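Colleague: Fold the following, please.
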Amino acid sequence: MQAKPFLKWAGGKSRLLPEIKKLLPINFENKNITYIEPFVGGGSVLFWMLNNYSNIERIIINDINSDLINTYKVIKKFPNELIEILKVYQEKFYSFEKDKDSRKEFYMNQRSLFNLRSSDNLTQAALFIFLNRTCFNGLYRVNKNNNFNVPIGSYITPLICDEVNILNVSKMLKKVKILCGDYNKCLKYVDDQTLFYLDPPYKPINKVSSFNYTHTTFNDNEQIRLRDFCKELDLKKCNWILSNSDVRTKENEDHFFDELYSDYEINRVVVKRFINNNSNKKQLNELLIANKVVEEVVLVHN
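Modeller: The predicted model follows:
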């Protein structure tokens, strides 16, 4: 059984997985691990871990985006009911294939309904997936009032109801504890063999590249607070891997992360990304930062 992310998600980490694998702790596959993702997003790394590492005994995921976390919880508990609603959305959306105006009107009506947030959790999750699958480039973006504001995309027959994958994801999420809120709450789940993967909102490389996954902001002060959180993980002897943008470019010698994480291993990785809602991909450097927890060696004296 293989599960894959059920959402399109800007900044997904599928292209980073080979580099993340290189940074896993020594003998990772031979240990009973607690795996924690405080910024789960679309879950590329989560599902890669679930598919490939059966030695992970406990999994905790978290995100501050309550709409996203509601969708994870609904898939975990009510996959069949969700599938039935998504089938209806898919059939309705396909019926407007030759009528762009009606299709757009249907999309906008569902977007408005989603933004009211007055429906039950099951409907809200179905709306979340529907909008993700039919909006422009699969973006998730909200304004300061937490209203989803992405226009309709140009997809003709998008896969709105991926029945097989939803069922597979539901089965895999049975072993996952799902939290919603500030990443600090993950600390209480730490044990003596814990790996964190931290994928916070990226620091913008310029003013144009910034957009919001939630109505809250993740500014430089928040980036510093996250670094302090990583130091706390060091004290608890946790391994952690963190990804972020590389703000040090040819045009801008910004050493923010080089200075902030100067005590740690900083890796620059080339990744192709869509930039500024443009359909063309551009190569960018991204950062993978990691600590190295040295296991204690017990000396036996004869």
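Colleague: Tell me if Phe196 really is in a strand.
Modeller: Yes. Secondary structure of Phe196, determined by DSSP: H, G, I helix; E, B strand; the rest coil: located in a strand.
Colleague: quick thing: my sequence starts at 454, can you match it?
Modeller: Taking 454 as the first residue, the last one we looked at is Phe649.
Colleague: What sits closest to it if chain neighbours are left out?
Modeller: Take Phe649 and drop its neighbours on the chain: the residue closest to it by CB to CB, 6 or more residues apart in numbering is Trp693, 4.0 Å away. Using the backbone N, CA and C atoms, a C-beta is placed for each residue, glycine as well.
Colleague: and the one you found, that one's in a strand?
Modeller: Yes. Remark: Trp693 belongs to a strand, assigned using three-state DSSP.
Colleague: Just say helix, strand or coil for the residue most central in space within the chain.
Modeller: The residue lying closest to the centre of the chain (CA atoms, centre = their mean) is Gly494, at 1.9 Å. With three-state DSSP as the basis, the three-state label of Gly494 is coil.
Colleague: Check Ile512 too.
Modeller: Here Ile512 is recorded as strand under three-state DSSP.
Colleague: Please verify my assumption that it contacts Tyr488.
Modeller: Yes. Ile512 sits in contact with Tyr488 when judged by CB atoms under 8 Å, with a separation of 5.0 Å.
Colleague: do you know how far Ala579 is from Gly634?
Modeller: Here Ala579 is placed at a distance of 23 Å from Gly634 (CB to CB, to the nearest Å).
Colleague: Check Glu685 too.
Modeller: Counting by CB to CB, the gap from Glu685 to Gly634 is 17 Å.
Colleague: neighbour count winner among Ala579 and Gly634?
Modeller: Ala579 (27 against 13; other CB atoms under 10 Å).
Colleague: isn't the more buried one right up against Glu537?
Modeller: No. With contact defined as CB under 8 Å, Ala579 does not count as touching Glu537 (9.1 Å).
Colleague: Can you tell me the closest non-neighbouring residue to Asn504?
Modeller: Setting aside the residues directly before and after it, Asn504 is nearest to Gln455 in space (CB to CB, 6+ apart), at 5.4 Å.
Colleague: sec struct for that neighbour, please.
Modeller: Reduced to three states with three-state DSSP, the structure at Gln455 is coil.
Colleague: Tell me if I'm right that it and Lys624 touch.
Modeller: No. In this structure Gln455 lies outside contact range of Lys624 using CB under 8 Å: 10.9 Å.
Colleague: more neighbours, the two?
Modeller: Counting neighbours by other CB under 10 Å for Gln455 and for Lys624 shows that Lys624 has the greater number, 14 against 11.
Colleague: If you count contacts, what does the host helix or strand of the more buried one end up packed against?
Modeller: Taking DSSP states H and E as the definition, one finds Lys624 inside helix 616-626. If you count contacts as 3 or more CB pairs under 8 Å, 6 or more residues apart in numbering; DSSP states H and E, helix 616-626 packs onto helix 497-505, helix 519-530, helix 532-548.
Colleague: ok, 7 Å please
Modeller: Under the contact criterion of 3 or more CB pairs under 7 Å, 6 or more residues apart in numbering; DSSP states H and E, the helices and strands touching helix 616-626 comprise helix 519-530, helix 532-548.
Colleague: And the contacts of the following helix or strand past the longest one?
Modeller: Okay, so that is helix 532-548. From helix 532-548 onward toward the C-terminus, using DSSP H and E, the following helix or strand is helix 553-569. The list of residues contacting helix 553-569 from outside it, by CB atoms under 7 Å, 6 or more residues apart in numbering, reads 545-546, 549, 572, 577, 580-581, 583-584, 587, 600-601, 605.
Colleague: so which pair among those is furthest apart in space?
Modeller: Phe549 and Asn600 (23.5 Å; CB to CB).
Colleague: Now restrict the contacts of helix 553-569 to buried residues only.
Modeller: Among these, the ones that count as buried by 16 or more other CB atoms under 10 Å are 546, 577, 580-581, 583-584, 587, 601, 605.
Colleague: Tell me if I'm right that Asn585 and Leu460 touch.
Modeller: Yes. With contacts counted by CB atoms under 7 Å, Asn585 reaches Leu460, the gap being 5.0 Å.
Colleague: Between those two, point out the one with more neighbours.
Modeller: With other CB under 10 Å as the criterion, Asn585 and Leu460 differ in neighbour count, and Asn585 comes out ahead with 22 against 18.
Colleague: residue ranges with poor pLDDT in this structure?
Modeller: 454, 660-669, 726-735, 746-755 (pLDDT under 70).
Colleague: Can you pull the domain assignment for it?
Modeller: Each domain of the chain is listed here as a residue range: 469-514+634-743, 521-615, per the TED database.
Colleague: ok, and the closest non-adjacent residue to Leu592?
Modeller: Computed as CB to CB, 6+ apart, the closest residue to Leu592 that is not its neighbour in sequence is Val603, at 4.8 Å.
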